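Engineer: structure of the sequence below:
(one chain, ligands or ions: 1)
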Amino acid sequence: MLTVTPTNLPDVLLLAPSRHGDDRGFFSESWSAAHMASAGLKFDFVQDNHSFSRQMGTVRGLHFQAPPQAQDKLVRCGRGALYDVAVDIRRGSPTYGHWTGAELSFENGLQLLVPAGFAHGFMTLTPDCEIIYKCTDTYAPALEGAVAWNDPDIGIAWPLADAAILSDKDSAAAPLSALESPFTYEARP
Ligand SMILES: Cc1cn([C@H]2C[C@H](O)[C@@H](COP(=O)(O)OP(=O)(O)O[C@H]3O[C@H](C)C(=O)[C@H](O)[C@H]3O)O2)c(=O)[nH]c1=O
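Structural biologist: Numbers count the residues shown, from 1 in each chain. Next up is the predicted model:
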């Protein structure tokens, strides 16, 4: 069973696969093409990513891959907790530059569906935090792009903004205003 909840950004969805608890713990079908199809969702995932961040307050993002290898992502937290964020970077979108965020954790089992056309990033809320996410295209470093995590024009309300730990790459990312976005908004039929 899969529960799908809309967010304030159309196309970015919060998914909750059911968990079967017993005295040992729980079992969950963390991803099922059948459950996705039942919810009207079809994504051909081809790569799983798994990253580990030792320190609370670690920020990775905001990143995207440009077409022709743009990636839809289905994100979950395997250990600890994190604040996951998507930003609409589709030129012409009525929600261009708008963001949505959700706390994903081992405990809540929630997942965020971040379609291509959205920059993705997260901030860890615990030490020793693991993120696991499925992607619909393979890694293409030449097509990677980034937007500043703390762009004031986006205004993401990061939970631990004063304690952010970033890579040099992410510290140097430009604001959205400097981006020639490779994505164009197409209204759903
Ligand atoms: C993304 C990626 C990276 N790598 C290698 C490249 C580097 O040697 C090393 C670390 O890469 P990076 O610093 O780009 O990792 P993150 O900062 O976690 O980047 C990710 O952060 C946000 C949250 C994302 O949504 C993207 O998937 C991705 O951009 O892993 C690979 O081998 N394959 C990959 O798919």
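
Engineer: helices of the protein, start to end?
Structural biologist: 33-38, 168-171 (DSSP state H).

Engineer: now those in JSON lines, with mean neighbour count, distance to Pro182 and mean pLDDT?
Structural biologist: C-beta coordinates here come from the backbone N, C-alpha and C atoms, glycine included. Formatted as JSON lines, those follow (neighbours: other Cβ atoms under 10 Å; distance: least, Cβ to Cβ, whole Å; pLDDT from 0 to 100):
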{"stretch": "helix 33-38", "mean neighbour count": "13", "distance to Pro182": "26", "mean pLDDT": "96"}
{"stretch": "helix 168-171", "mean neighbour count": "13", "distance to Pro182": "18", "mean pLDDT": "97"}
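
Engineer: which of those sits closest to the ligand?
Structural biologist: Distance to the ligand, taken as Cβ to the nearest ligand atom, is lowest for helix 168-171 among the helices of the chain, at 6.3 Å.

Engineer: show me what the closest one is packed up against.
Structural biologist: Contacts defined by 3 or more Cβ pairs under 8 Å, 6 or more residues apart in numbering; DSSP states H and E place helix 168-171 against strand 59-65.

Engineer: again, 10 Å this time
Structural biologist: Secondary-structure packing of helix 168-171 (3 or more Cβ pairs under 10 Å, 6 or more residues apart in numbering; DSSP states H and E): strand 59-65, strand 144-146.

Engineer: hang on, the earlier thing: I'd like to know which of the helices of the chain is closest to Gly101.
Structural biologist: Closest approach to Gly101 among these (Cβ to Cβ): helix 168-171, 16.8 Å.
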